[in-house]
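Engineer: Prediction below, plus the sequence it came from.
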Amino acid sequence: MEVELSIPYNLVEASGKLLGLDAYFWNKLSTPYRRVLLIRNARDLSREPTGCTLNFEVNVEDQVRELAEIANIVAPLGESRRGVPLSLLRVASLIVPYRVVEKAWESRVNSMVVDEVEIAKIIARGLLGIGSLKPLGERMWLNVRFKGGFIEDRVLGYLSRADSMFSSSLVEVVRRCGISFKGLGE
């Protein structure tokens, strides 16, 4: 059985590039710096929802302000070495412009694990560095497939394993939409 979930995104523009900021799960992460993973290139989003639609719960102006905060975040002592696999950086490069992500990992290519907080800061700084983020007042949708009870999105799959608050929120949404879902927090 295949089902779709439609996640809302607020659109912003930076130097002619259109980006979408997740407007549902944005505040449903246990660590704010993971919000950079909820940014998508607008060309990967749809104008219309095709599945169970989630509500817009985040103001785009707040999202832009929070990205600036992430760019300047100071990792709490003891949390600066939480690792993220290099493969996640490659996934991130599919979401945001490659040059932004490339800077985050060019000095660590030979490392198996990199600092998640630092990567988030670099991605946020890179996004802000391509131009100020201008809210467009437009909205789009990420239509995510659930096939055989599993999510078919690498970033959301990673977050469902790495972030317990996100996982719980996703399970709640899936249950509310009546989708039978395996592999998350159950």
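Structural biologist: Noted; the coordinates are in hand. Just so it is clear, the structure is predicted and the values come from calculations on it, not from any experiment.
Engineer: Please report how far the residue nearest to residue 13 when sequence neighbours are not counted lies from residue 53.
Structural biologist: Once flanking residues are discounted, residue 13 sits nearest to residue 134: 4.8 Å by C-beta to C-beta, 6 or more residues apart in numbering. (Glycine included, C-beta is placed from N, CA and C.) Distance of residue 134 to residue 53, computed by C-beta to C-beta, to the nearest Å: 26 Å.
Engineer: who's more crowded, these two?
Structural biologist: The neighbour count for residue 134 versus residue 53, taken as other C-beta atoms under 10 Å, is higher for residue 53 (17 against 13).
Engineer: what pairs with that one across the strands?
Structural biologist: Counting by DSSP bridges, residue 53 forms beta bridges with residue 6.
Engineer: What pLDDT does the model give it?
Structural biologist: pLDDT recorded at residue 53 is 93.
Engineer: Contact partners for it?
Structural biologist: Counting by C-beta atoms under 8 Å, 6 or more residues apart in numbering, residue 53 touches 6, 8, 141.
Engineer: So which residues of the chain form helices?
Structural biologist: Using DSSP state H, the helices of the chain run over residues 60-71, 86-95, 98-105, 116-129, 154-162, 164-176.
Engineer: Quick one: closest of those to residue 42.
Structural biologist: helix 86-95 (10.9 Å; C-beta to C-beta).
Engineer: Endpoint to endpoint, stretch 141-158 covers what distance?
Structural biologist: Using C-alpha to C-alpha, to the nearest Å, the end-to-end distance of stretch 141-158 comes to 20 Å.
Engineer: got the buried residues for that stretch?
Structural biologist: 141-144, 146, 151, 153, 155-158 (16 or more other C-beta atoms under 10 Å).
Engineer: Run through this structure and note the low-pLDDT ranges.
Structural biologist: Applying pLDDT under 70 to the chain flags residues 1-3, 73-114, 129-131, 148-149, 179-186.
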